[in-house]
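Asker: Everything below, folded, please.
(one chain, ligands or ions: 1)
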Amino acid sequence: MKAIQIVNEDGPDSALALVELPEPEPSHMLTPGSGVLVEVHVAGVSFPELLQSRGQYQMKPPLPYVPGSEVGGVVISAPAEASVKPGDRVAAFCALGGWAETTVAPEYFTFALPDELDFAQGAALVLNYHTAYFCLKTRGRLAAGETVLVHGAAGGVGTASLQVAKGLGARTIATVSTEEKRKVAEDAGADKVVMIRDGWKDQVIELSGGGVDMVLDPVGGDRFLDSLRSLAEDGRLVVVGFTGGSIPEVKVNRLLLKNTEVIGAGWGAYVMGKPDLNRQIGAAIGEMMEAGIVRPVIGQRFPLQEAAQALHTLDQRLAVGKVVLDVRSP
Ligand SMILES: NC(=O)c1ccc[n+]([C@@H]2O[C@H](COP(=O)([O-])OP(=O)(O)OC[C@H]3O[C@@H](n4cnc5c(N)ncnc54)[C@H](OP(=O)(O)O)[C@@H]3O)[C@@H](O)[C@H]2O)c1
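Answerer: Numbering: from 1, shown residues only. From the prediction side, this is the model:
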């Protein structure tokens, strides 16, 4: 089968190689001896792969390896206890190995894909939408009627969070950096969109009537302090990532003075060994799909062999929605 491997850690331009590999066995590292074999049609591209191409990601498999954490495709074989069967269209989270014509995923990370969603949307479903649900609900305790500020709102996690927040009955305010991204956030269902330039904090406080109940922050960096200042009493800032490039620090007296919280939310590390939690989150997202609320926004598409271009899109802050690789002709 055709696959992309990471062969060194010198960055997108030289780290990736298109190779021929044997088909994988139906056994996944998280479920040794068992796994769902998937014929991959579309693979998702995410920040971790950009970091992996530079050796900067926390998970460091020995070189060379096939990256790619999630796919949309068709089941080739599945263990008896799986909820999917051969021939089913699925969205699957494989953690690694997705940038290939065939991959293998744990049964509890493989979800039936309804007819309304295409394979690209399937490749955009698990990582971002499960992360969004985990951050907003499991960790952040978002309740119906609350208001949440979503940073990086036109990105993969951002668009997913806008939709999941809506599914949870919350009101959303999105921040974005360009007019093109404003349109993406609006299309993803943001109630209000604010440009991330001088004065965004005051606009957010005004739009929310005195402060938001939650900030969902995949960006970090220098907007962190103003995010804390945007919180209402009892507000929660959920730390999701650091695309802004720097890891902010907080003087905890700010939390005391305003009765607010900063909450860390790392989906992968938390859910990997918890099959039931994944099934629960999958069921909640499934209901939102059925209700027409969850509709992954697909951004730039590249053929598998142009994976380096796809990584540059993320690196240059150009991604809108989910960037994907067409592994087979669409
Ligand atoms: N905690 C978890 O469990 C978890 C799970 C999945 C992903 N993540 C993390 O979440 C973050 C977002 O992932 P994603 O897939 O949504 O990425 P993405 O699609 O590239 O979106 C990231 C957004 O960050 C904003 N941004 C601000 N400064 C940036 C910069 N210097 N470079 C690039 N983007 C910048 C951009 O929005 P504007 O231009 O509009 O500001 C961009 O749309 C990543 O750090 C990822 O590792 C965390």
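Asker: Quick check: phi and psi at residue 235.
Answerer: phi -70, psi 150 (degrees, to the nearest 10).
Asker: Give me the nearest residue to it, chain neighbours excluded.
Answerer: residue 260 (4.8 Å; Cβ to Cβ, 6 or more residues apart in numbering). Heads up, the C-betas are built off the backbone N, CA and C, glycines and all.
Asker: what about that neighbour, how many neighbours?
Answerer: 21 (other Cβ atoms under 10 Å).
Asker: residues contacting the one residue in the chain that gets nearest to the ligand?
Answerer: Distances between the chain and the ligand by Cβ to the nearest ligand atom are smallest at residue 155, namely 2.1 Å. By Cβ atoms under 8 Å, 6 or more residues apart in numbering, the contact set of residue 155 is 218, 243, 319, 320, 321.
Asker: switch the cut-off to 10 Å
Answerer: 46-47, 128, 161, 176, 181, 184-185, 218-219, 241, 243, 297, 299, 314, 317, 319-323 (Cβ atoms under 10 Å, 6 or more residues apart in numbering).
Asker: Show the pLDDT at the residue sitting furthest away from the middle of the chain.
Answerer: No residue in the chain sits farther from the centre than residue 257, which is 32.9 Å out by Cα atoms, centre = their mean. At residue 257, the pLDDT value in this model is 96.
Asker: Equivalent analysis for residue 38, please.
Answerer: Looking at residue 38, the pLDDT reads 98.
Asker: where does it fall, phi/psi-wise?
Answerer: According to degrees, to the nearest 10, residue 38 has phi -120, psi 130.
Asker: what pairs with it across the strands?
Answerer: residue 75, residue 103 (DSSP bridges).
Asker: which helices and strands does the lengthiest helix in the chain pack with?
Answerer: Scanning the chain for the helix with the most residues, using DSSP state H, yields helix 275-290. On a contact count with 3 or more Cβ pairs under 10 Å, 6 or more residues apart in numbering; DSSP states H and E, helix 275-290 meets strand 89-93, strand 110-112, helix 131-133, helix 156-167, helix 267-271.
Asker: mind listing what's buried in the last one?
Answerer: When neighbours are counted by 16 or more other Cβ atoms under 10 Å, the buried residues of helix 267-271 are found to be 267, 268, 271.
Asker: Where does pLDDT dip in this protein?
Answerer: For the chain, no stretch has pLDDT under 70.
Asker: where exactly do the helices run in it?
Answerer: 12-15, 47-52, 119-122, 131-133, 156-167, 179-187, 200-207, 224-229, 253-258, 267-271, 275-290, 307-315.
Asker: From the centroid of the protein, which residue is nearest?
Answerer: Most central in the chain (Cα atoms, centre = their mean) works out to residue 128, at 2.3 Å.
Asker: gap between that one and residue 142?
Answerer: 16 Å (Cβ to Cβ, to the nearest Å).
Asker: The nearest residue to residue 52 once chain neighbours are set aside: neighbouring residues, count only.
Answerer: Of all residues not flanking residue 52 in the chain, residue 67 sits nearest, at 5.4 Å (Cβ to Cβ, 6+ apart). By other Cβ under 10 Å, 28 other residues sit near residue 67.
Asker: what's near enough to touch residue 67?
Answerer: So residue 67 contacts 3-6, 15-16, 43, 45-46, 48-50, 52-53, 57, 61, 95-100, 307, 311 (Cβ under 10 Å, 6+ apart).
Asker: right, and residue 329 touches residue 41 too?
Answerer: Yes: counting by Cβ atoms under 10 Å, residue 329 sits close enough to residue 41 to count as a contact (9.1 Å).
Asker: higher neighbour count, these two?
Answerer: Counting neighbours by other Cβ under 10 Å for residue 329 and for residue 41 shows that residue 41 has the greater number, 22 against 6.
Asker: Find the nearest non-adjacent residue to the more buried one, please.
Answerer: residue 119 (3.9 Å).
Asker: and that neighbour, what does it touch?
Answerer: With the criterion set at Cβ under 10 Å, 6+ apart, residue 119 makes contact with 40-43, 71-74, 89-91, 113, 324, 326-328, 330.
Asker: mind redoing it with 8 Å?
Answerer: 41, 42, 72, 73, 89, 113, 330.
Asker: Selecting buried members of those in PyMOL, what would you type?
Answerer: Here is the PyMOL command that selects the buried residues among the contacts of residue 119 (16+ other Cβ under 10 Å):
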select buried, resi 41+42+72+73+89+113
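Asker: Which two of the contacts of residue 119 have the greatest separation?
Answerer: The distance between the two most remote of these (Cβ to Cβ) is 15.0 Å, for 113 and 330.
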